[in-house]
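Peer 1: Sequence below, structure please.
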Amino acid sequence: MKSMSSRALALALSLTVLSACGSALAAEDDTMLISPAPSGIAVQLNGEALTFTDAVPVAQDGRTFLPFRAVFEAMGAEVGNEGNTITAVRDGKTLTMTIGSTEATLTEGGASTAITMDVAPYVDSTTWRTYVPVRFAAQAFGCAVGWDQDNQTAVIVDTEKLLDAALAEHQFTYMEKYLAYNQQFQEGIWDISAQFDGSATMFGAGPLSFQGSMDGTTADSLQMAAAMNLKMDLTAFLDAMSQVAGQASELTAEDQALLDALKSEGMDMEIRADMEKGVMYLTMGGSALETLGLPADTWYSFDMASMYGQMGLDYTALIDASKTMDASALLQTALQSADLSDKDTAYATVSALVNGAAKVLADDSFVKSGDNYTTTYALEEDGTKVTLSFTLTMQSDKVVGYELSMDSSTSVDDGEGGQITTTTAMKAGMDAENHMTATVSMGMDPLMDLSLNITGDYAAGDQAPETEPPAGATVVPYEQLIAGALGG
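Peer 2: Numbering: from 1, shown residues only. Presented below is the predicted three-dimensional model:
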């Protein structure tokens, strides 16, 4: 089991890593070898090229496969082979795979997790060496993996090793206290109420304004039910869009009825979910939706594992980590989606990010002012600027509230001699009375502006949420709704 310091650092690093490398996140999968088919594949681990003697990496069916023994031993694992069963053991984790099967098992601390691979390990009939898919092999032990197309190189970064090295150099007691504070909201039943409002403009048209409210309940942070009402005023936005198009705004009686209903009554939405099972349900109602032809009393289901998988994230790993507040696993999952497409810079970039964030979040980086302890982080490179401030409010040596703020800007060429600048400003926090506030503003000059304000309260509850639609309700998979909308 990881220490509290490890978990605290990793949770804090997740905030910083995600803010700094959000633009580099890529939804990649094992199909990273498409064209051209590589004639010789290289492998890099932590910035160093791996040498293969009697068996070399190969590409098969659009996947990169590595010699089982060579790659796991390079990562510091002990390997075993008995019949069709192969194992790799590292730092208390045991990975078990079967030749020809896509089912694998990862065991840690006496608990086993079943994992399904999209391709199976196999034995090469020429060399009689066992091969495993590179992405699965790396991620099984918390490594990030990428592909450098120009240099035909699989890039592996051992993020767990980087995290351990950062822990050895600093103390993180403030972050430990924050983790203990945050844990209370991950356990038991909480009733949540919130109000929100905002506006948006696109291409100078608008604003489109909206407001709403939400009341819900969570249980152990994994089960939830919430009801929300959303009102929107589209009048100014549609008028401005008509002017941009050089046409008069002409609405039919049906269109006007829809706009009036959205503004006065809004849309009602209800969500029920069991995140541990990976299923979420959504239903919508109101005269505005009836005007659009969406049937009332229909629930739409979402397969969360599939949706996260399309983003390159392991949903099961995220849920397992959240249940134990193993923030180190959360951080490693985030880093596994990082863009490691340049073998010459990948390791140095990830290493600098982790080490820099660790230094910022160490105890000696927090500055005390009354009951508040604040640390700041800044990054500026390649046209991107990010500043982050994290404040903990302490009473009786315990965290009772926090505030996180982030400002960022990115400028890119527009292809016509000018630049497009994207800006984001975010502030979120909770006080000692569990009152939360959040503000977000985003701009992409001159294309888009968005603002959002949220206030709400958490209170201990006593009734668990309903996680499934009512008995007898009509349930339609979300994919079916999309296919119907697209004419599929």
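
Peer 1: And the helix or strand hosting residue 459, how far out from the chain middle?
Peer 2: Element membership for residue 459, per DSSP states H and E: strand 448-460. Its chain's C-alpha centre and that of strand 448-460 lie 20 Å apart, by Cα atoms, centre = their mean, to the nearest Å.

Peer 1: helices and strands around the helix or strand that that strand is followed by, which ones?
Peer 2: Downstream of strand 448-460, the next assigned helix or strand under DSSP H and E is strand 474-477. Judged by 3 or more Cβ pairs under 8 Å, 6 or more residues apart in numbering; DSSP states H and E, the packing partners of strand 474-477 are strand 298-303. (Glycine included, C-beta is placed from N, CA and C.)

Peer 1: ok now whatever helix or strand comes next after the strand it packs on, how far from the chain's centre?
Peer 2: Next along the chain after strand 298-303, taking DSSP H and E as the criterion, comes helix 304-310. Relative to its chain's centre, helix 304-310 lies at 11 Å (Cα atoms, centre = their mean).

Peer 1: average pLDDT for the strand holding residue 459?
Peer 2: Mean pLDDT, strand 448-460: 95.

Peer 1: Could I get the full set of helices for the stretch 151-300 of the chain?
Peer 2: Secondary structure of the stretch 151-300 of the chain by DSSP state H, counting those that start in this stretch: the helices cover 159-167, 173-183, 235-245, 253-264, 287-292.

Peer 1: any chance of the ones you listed in CSV, plus distance to residue 381 and mean pLDDT?
Peer 2: As requested, those are arranged in CSV below (distance: least, Cβ to Cβ, whole Å; pLDDT from 0 to 100):
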stretch, distance to residue 381, mean pLDDT
helix 159-167, 19, 83
helix 173-183, 25, 89
helix 235-245, 36, 70
helix 253-264, 43, 82
helix 287-292, 46, 61
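
Peer 1: what about residue 145, neighbour count?
Peer 2: By other Cβ atoms under 10 Å, 25 other residues sit near residue 145.

Peer 1: and the closest residue in space to it that isn't next to it in sequence, which of the three is it?
Peer 2: Among residues not flanking residue 145 along the chain, residue 138 sits closest, at 4.0 Å (Cβ to Cβ, 6 or more residues apart in numbering). Three-state call for residue 138 (DSSP: H, G, I helix; E, B strand; the rest coil): helix.

Peer 1: and residue 138, what is it in contact with?
Peer 2: By Cβ atoms under 8 Å, 6 or more residues apart in numbering, the contact list for residue 138 reads 71, 75, 144, 145, 156.

Peer 1: Mind doing that once more with 10 Å?
Peer 2: By Cβ atoms under 10 Å, 6 or more residues apart in numbering, the contact list for residue 138 reads 43, 45, 66, 71-72, 75, 132, 144-146, 154-159, 336.

Peer 1: My read is that residue 177 contacts residue 401, right?
Peer 2: No - the criterion here is Cβ atoms under 10 Å, and residue 177 misses it with residue 401 at 11.8 Å.

Peer 1: overlap in contacts of those two?
Peer 2: Counting by Cβ under 10 Å, 6+ apart, the residues touching both residue 177 and residue 401 are 392, 394.

Peer 1: wait, residue 422 sits on residue 414?
Peer 2: No - using Cβ under 10 Å as the test, residue 422 is too far from residue 414 to be in contact (11.7 Å).

Peer 1: overlap in contacts of those two?
Peer 2: By Cβ under 10 Å, 6+ apart, no residue touches both residue 422 and residue 414.

Peer 1: So for these two, which residue has more residues nearby?
Peer 2: residue 422 (17 against 10).

Peer 1: What values do phi and psi take at that one?
Peer 2: Per-residue torsions, residue 422: phi -110, psi 130 (degrees, to the nearest 10).

Peer 1: and it, what is it in contact with?
Peer 2: By Cβ under 10 Å, 6+ apart, residue 422 lies in contact with 23, 384, 408-412, 442-445, 447-448.

Peer 1: Let me know the closest of those residues to residue 228.
Peer 2: Nearest to residue 228 among the contacts of residue 422: residue 442, at 21.3 Å, using Cβ to Cβ.

Peer 1: How about that closest one: what's its closest non-neighbour residue?
Peer 2: Spatial nearest neighbour of residue 442, chain neighbours left out: residue 450 (4.6 Å); criterion: Cβ to Cβ, 6+ apart.

Peer 1: what is that neighbour paired to in the beta sheet?
Peer 2: Here residue 450 sits in beta bridges with residue 200, residue 442, as judged by DSSP bridges.

Peer 1: didn't it look like it was pressed against residue 426?
Peer 2: No - between residue 450 and residue 426 there is no contact under Cβ under 10 Å: 11.5 Å.

Peer 1: Which residues are in contact with each of those two?
Peer 2: Common neighbours of residue 450 and residue 426 (Cβ under 10 Å, 6+ apart) are 440, 441, 442.

Peer 1: Tell me the spacing between the residue lying closest to residue 360 once chain neighbours are set aside and residue 179.
Peer 2: Sequence neighbours aside, residue 377 is the residue nearest to residue 360 in space, at 4.6 Å (criterion: Cβ to Cβ, 6+ apart). Applying Cβ to Cβ, to the nearest Å, the value for residue 377 to residue 179 is 18 Å.

Peer 1: about what we covered before: report how many residues lie close to the residue nearest to residue 442.
Peer 2: Neighbourhood size, residue 450 [other Cβ under 10 Å]: 17.

Peer 1: Tell me who's in contact with the closest residue to residue 304 other than its chain neighbours.
Peer 2: By the measure of Cβ to Cβ, 6+ apart, the closest residue to residue 304 outside its immediate chain neighbours is residue 278, 4.3 Å from it. Neighbouring residues of residue 278 by Cβ under 10 Å, 6+ apart: 302, 303, 304, 305, 306, 307, 308, 315, 316, 319.

Peer 1: hang on, the last one packs against residue 279?
Peer 2: No - at 11.9 Å, residue 319 does not count as touching residue 279 under the criterion of Cβ under 10 Å.

Peer 1: Check which residues of stretch 113-122 are buried.
Peer 2: 115, 117, 119, 120, 121, 122 (16 or more other Cβ atoms under 10 Å).
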